[in-house]
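Novice: Quick one: sequence and predicted model below, then my questions.
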Amino acid sequence: MNYRLFALLLLVLPAHAESLTIMAFNVENLFDATHDPGKNDETYLPASEKKSRSHIDKCNKVKVKRWREQCLNWDWNEKIVATKLKVIGDAIKQVNDGQGPDIIALQEVENIGILERLRTEQLASLGYQTSVLLEGKDSRGIDVAFLSKLKVLDAAHHEIVFSASVRDRVGDTRPILSATFELPNGERITGYSVHFPAPYHPTVMRESAFQTLNKLLGDIPAGQAAFAAGDFNTTSEEDMKKDVLARWVRPYWQIAHDLCEGCKGTSYYSPADNWSFLDMVLWRSGPEWTMTKSFLANDTPDQVTTYFKPDGTPNRFHLPDATGVSDHWPLVLKVKRLK
């Protein structure tokens, strides 16, 4: 497995040791405008690079009409990339009076280069000292990542073990990314950034992902605080029918959005008029920590569309007008030290 860990240790103001703010943010297809060999990133190229017969033939093999048309016609140029980075940065800056959360778990990031552009072009003054992205094997080339104001001591990928009956589907999933974060007082917290198999895959695939995550949790010291944040892809309908959270989450973790007052979900599925917390932040407290607050960071004008519902739903990033941000709203958890 190819992987890269990019960490810049800069002189920044450290996160306060008495509290911690964590964000889960599926940024929806954060790609640069350059082809990465081995990745299916043909949609995310400038129009000038989409004229070849080989490109057209590859796009025409895409089965979903909307995705096929995007592959053929989107002009994903540097101006578009800059706009995408700006609106993501604006969403992050809603937290902590413009200073952003201490740790961000991101999903759907193409590579370390575009993650670094987000950190240095849009978040440069906020104190994010470390970018972490390890290349996985997702067929589209999207990965999970961290941005952190805390020092990162280590990072690793953990492949999800699937049953033989679904192994033909594993190209459409991502490993779990773990990292060990160090607070200014030397205390360590383990974090996991996740992007589980999509809802159209069988429930057993997400159950396998939860099993892998919970096994990782069991391997760290019992008194050490830990979190898992990202896109778990468990719909409210699936949870209602299969008791996913009751079986695979609540026995091991506290769930941030239990504290999210008035929150309907992070993602909206219009054909079923259905809200879900596809994105979650899960917390395993050490003896000195407790959850205090959870909320959606969804107050920038770009993040909300009233196309589906008058009170608004997530506004995915659109071309050619380059409006919107993501089809997921960021979810934030705040924790504090008890002693």
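Specialist: That came through fine. Since the structure is predicted, the reported quantities are computational estimates derived from the model, not experimental observations.
Novice: Domain boundaries for the chain, per the record?
Specialist: 5-9+17-32+89-337, 34-76 (automatic domain parsing).
Novice: Let's have the ones you listed in CSV, adding mean neighbour count.
Specialist: C-beta: built from backbone N, CA, C; applies to glycine. Formatted as CSV, those follow (neighbours: other C-beta atoms under 10 Å):
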stretch, mean neighbour count
domain 5-9+17-32+89-337, 19
domain 34-76, 14
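Novice: Same list (those) but as JSON lines, adding distance to Thr83.
Specialist: Shown next, in JSON lines, are those (distance: least, C-beta to C-beta, whole Å):
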{"stretch": "domain 5-9+17-32+89-337", "distance to Thr83": "5"}
{"stretch": "domain 34-76", "distance to Thr83": "11"}
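Novice: Which SSE is immediately downstream of the longest strand along the chain?
Specialist: In the chain, ranked by residue count with DSSP state E as the criterion, the top strand is strand 19-30. Per DSSP states H and E, the first helix or strand lying C-terminal to strand 19-30 is helix 53-60.
Novice: still on that earlier bit, out of the domains of the chain, nearest to Ala82?
Specialist: Between Ala82 and these, the shortest separation by C-beta to C-beta is 7.7 Å, and it involves domain 5-9+17-32+89-337.
Novice: List the neighbours of stretch 27-45 that are in contact with it.
Specialist: Contacts to stretch 27-45, defined as C-beta atoms under 8 Å, 6 or more residues apart in numbering, come from residues 46, 49-50, 55, 58-59, 67, 70-71, 74, 76-78, 80-81, 84-85, 88, 106-111, 113-115, 117-118, 139-142, 316-317, 325-328.
Novice: Format the CA atom coordinates belonging to that stretch as PDB.
Specialist: The C-alpha trace of stretch 27-45 is given here as PDB (Å, rounded to 0.1, in the frame of the first residue of the first chain):
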ATOM      1  CA  VAL A  27     -16.100  17.600   1.900                       C
ATOM      2  CA  GLU A  28     -17.600  15.900  -1.100                       C
ATOM      3  CA  ASN A  29     -15.100  15.300  -3.800                       C
ATOM      4  CA  LEU A  30     -12.200  17.600  -2.900                       C
ATOM      5  CA  PHE A  31     -10.100  17.000  -6.000                       C
ATOM      6  CA  ASP A  32      -7.300  19.000  -7.600                       C
ATOM      7  CA  ALA A  33      -7.400  19.700 -11.400                       C
ATOM      8  CA  THR A  34      -4.600  17.200 -12.300                       C
ATOM      9  CA  HIS A  35      -4.800  13.600 -13.100                       C
ATOM     10  CA  ASP A  36      -3.300  11.200 -10.600                       C
ATOM     11  CA  PRO A  37      -2.100   8.000 -12.200                       C
ATOM     12  CA  GLY A  38      -4.200   5.000 -11.000                       C
ATOM     13  CA  LYS A  39      -7.200   7.100  -9.900                       C
ATOM     14  CA  ASN A  40     -10.500   7.400 -11.600                       C
ATOM     15  CA  ASP A  41     -10.400  11.200 -11.400                       C
ATOM     16  CA  GLU A  42     -11.400  11.900 -15.000                       C
ATOM     17  CA  THR A  43     -14.400  14.000 -13.900                       C
ATOM     18  CA  TYR A  44     -12.200  16.400 -12.000                       C
ATOM     19  CA  LEU A  45     -10.100  17.700 -14.900                       C
END
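Novice: Please compute how far it lies from its chain's middle.
Specialist: Chain-centre distance of stretch 27-45: 17 Å, with C-alpha atoms, centre = their mean, to the nearest Å.
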